[in-house]
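Enquirer: Give me coordinates for this.
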Amino acid sequence: MPLKSIDIHEAKAHLSRLLDRVQAGEQIVIAKAGRPIARLVPIEVTHRSIRIGALKGRVKVPDSFNTMFGEEIAAMFGAAPQPSVRKRK
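Expert: Numbering: from 1, shown residues only. Next up is the predicted model:
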């Protein structure tokens, strides 16, 4: 893809549009008095993949996890503790 050269005055006036084009993958050269002085290029963003469930089978979560410290937390907020409800498996 050939690089498009833009005069610095045009670049100042249309920076948002130029950045949209760069974000779409285009490279743009900014020139002053016909001489190239800068290049706008997209930044390559590397995405790390997130693996959901990576700890499955390695970590044991206690059945009481959702009710742990319930009385202490309720006391901090001045509320009466709620009765614990257990889910069936």
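
Enquirer: all strands for this protein, in order.
Expert: Read by DSSP state E, the chain holds these strands, from start to end of the chain: 4-7, 28-32, 35-40.

Enquirer: could those strands be laid out in TSV, adding mean pLDDT?
Expert: Shown next, in TSV, are those (pLDDT from 0 to 100):
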stretch	mean pLDDT
strand 4-7	89
strand 28-32	95
strand 35-40	94
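
Enquirer: Would you mind finding the longest helix in the chain?
Expert: Longest among the helix segments of the chain by residue count, using DSSP state H, is helix 15-23.

Enquirer: Tell me what angle that helix forms with strand 35-40.
Expert: 70 degrees (axes from the mean of the first three to the mean of the last three CA atoms, to 10 degrees).

Enquirer: May I see the buried residues of helix 15-23?
Expert: Applying a neighbour-count criterion of 16 or more other CB atoms under 10 Å, the buried positions in helix 15-23 are Leu18, Arg21, Val22. C-beta coordinates here come from the backbone N, C-alpha and C atoms, glycine included.

Enquirer: how about it as CSV, C-alpha atoms only?
Expert: Output in CSV follows, covering the C-alpha atoms of helix 15-23 (Å, rounded to 0.1, in the frame of the first residue of the first chain):
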residue,chain,number,x,y,z
LEU,A,15,-6.3,15.3,12.6
SER,A,16,-9.4,13.3,13.7
ARG,A,17,-10.1,12.1,10.2
LEU,A,18,-6.5,11.1,9.7
LEU,A,19,-6.4,9.2,13.0
ASP,A,20,-9.6,7.3,11.9
ARG,A,21,-7.8,6.3,8.7
VAL,A,22,-4.7,5.3,10.6
GLN,A,23,-6.8,3.2,13.0
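
Enquirer: Format the strands of the chain as CSV; extra columns: mean neighbour count.
Expert: Supplementary listing: the strands of the chain in CSV, determined by neighbours: other CB atoms under 10 Å:
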stretch, mean neighbour count
strand 4-7, 15
strand 28-32, 15
strand 35-40, 12
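
Enquirer: I appreciate the help and will end here.
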